[in-house]
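# Dropping the sequence and predicted coords here.
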Amino acid sequence: MESRNYTIKDIARMAGVSAGTVDRVLHNRGDVSRTSREKVQKVLDEIDYHPNMFAIGLAAKKRYHIICIIPYYIEHDYWSSVAQGIERAAQELRPFNVGIDYVFYNHADKTSYEKACALLQAEPVDAVLIAPNFQYETLRLTSYLESKKVPYAFIDFNMEQTHALCYIGQDSKISGYIAAKILMNRYQEGQEIVLFLNNQKNSPAEVQMQRRLEGFMQYFAAEHKDLIIHDVVLHKENTASNEELLDTFFAEHPKAALGAVFNSRVYQVADYLQKKGHRLDALVGYDLLQKNVEHLKSGEVNYLIGQRPGLQGYCGVKALCNHIVFKKPVTAVKYMPIDILMKENIDFYFEFE
């Protein structure tokens, strides 16, 4: 059909309904019979109707409040990138009367997460962006939001048993499978694998790490069943203890030449290797933290798997806004690309076009 600007009255005439009915369909408010809705939708499809979003923002009297619950962050870390993406979306949405606020918590700290969830429930809110941490506490929060008919979206990690509007992030299991596959590109006969794990490996806050590890081990079960794989459980903060632990491990396992880290702290292992003047034949880790990238360039780390945290934050807020402001359909799952970075391509990498 020829492109032109259609008014609500035009659409009503073409559909054989009242202008009020068209208005209610366009803005998803009030009761409209199924027959009338189908008539209007058929016309909208035929004319390829797209509402003037800027006009909607200027005309809207309602102000929308979105709260983002994410971990505290410092400059250049993973969650700093998430916040940058959220802020980019916030700037674009200000003309539409959308305000963005934060509730922060300490990652992997159950008490801090519980307090953040309680604080969020005390705030008036139209939609919530959640970076989930502990499973039980998250389910309790989402149950509350559902009882209040407040839409919410997940980033970074998905909890499929909830009724989230959408999830935006990586497929953790597939990323672990890919980590194993690229690691084995450097494998030589007789070498052994070492997995550098977190000391909270069984914590409910570390479910994402477990999914990555599951995918990693799935690859080895299918392709390299007989390889020797070691676990080294590192402490999150105790550098001296980690150094002693790694000294002992490498002295006892000289064939351990390929390594993987399933969280953002591959720099812990790389710091140790740099200090000792030692290199693994291949070391793979996650996320483009500044310290990780420095070790990628200097050679202690061979591969980093990026998951576009900034884009996750940006798309999460935009999805919520599409739902509550523009009444547009939202895709239930939006997987981020699994980016594989090496020192040869890291300088050309950027998240946003």
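Perfect, thanks for sending it.
# and R13, how many neighbours?
R13: 14 surrounding residues under other Cβ atoms under 10 Å. (C-beta placed from N, C-alpha, C; glycine too.)
# What's the separation between it and G190?
Distance of R13 to G190, computed by Cβ to Cβ, to the nearest Å: 79 Å.
# for the stretch 151-300 of the chain, which spans come out with low pLDDT?
For the stretch 151-300 of the chain, the stretches with pLDDT under 70 are 199-205.
# Which residue ranges of it form strands?
Along the stretch 151-300 of the chain, counting by DSSP state E, counting those that start in this stretch, strands occupy 152-155, 166-169, 192-198, 229-234, 256-261, 282-286.
# any residues touching the fourth one, and which ones?
Under the contact criterion Cβ atoms under 8 Å, 6 or more residues apart in numbering, strand 229-234 has outside partners 192-199, 201, 217, 220, 242, 245-246, 249, 253, 256, 265, 268-269.
# go with 7 Å
Here strand 229-234 makes contact (Cβ atoms under 7 Å, 6 or more residues apart in numbering) with 192-199, 201, 220, 242, 245-246, 249, 253, 256, 268.
# Okay, angle between that strand and strand 192-198 too, please.
30 degrees (axes from the mean of the first three to the mean of the last three Cα atoms, to 10 degrees).
# Geometrically speaking, which residue is the centre of the protein?
In the chain, the C-alpha nearest the mean C-alpha coordinate belongs to D156, at 2.6 Å (Cα atoms, centre = their mean).
# Save the strands of the stretch 151-300 of the chain as CSV, and put in mean neighbour count too.
Converted to CSV, these look like this (neighbours: other Cβ atoms under 10 Å):
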stretch, mean neighbour count
strand 152-155, 26
strand 166-169, 24
strand 192-198, 20
strand 229-234, 16
strand 256-261, 24
strand 282-286, 25
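# Out of those strands, flag the one nearest T111.
For the strands of the stretch 151-300 of the chain, proximity to T111 was assessed by Cβ to Cβ; strand 192-198 is nearest, at 18.8 Å.
# How far away from the center of its chain is the closest one?
24 Å (Cα atoms, centre = their mean, to the nearest Å).
# can you give me the angle that strand makes with strand 282-286?
Using the same axes, to 10 degrees: strand 192-198 against strand 282-286 is 30 degrees.
# model confidence over the helix or strand where R24 lies, on average?
Counting by DSSP states H and E, the element that carries R24 is helix 19-26. Per-region confidence: helix 19-26 scores 81 on mean pLDDT.
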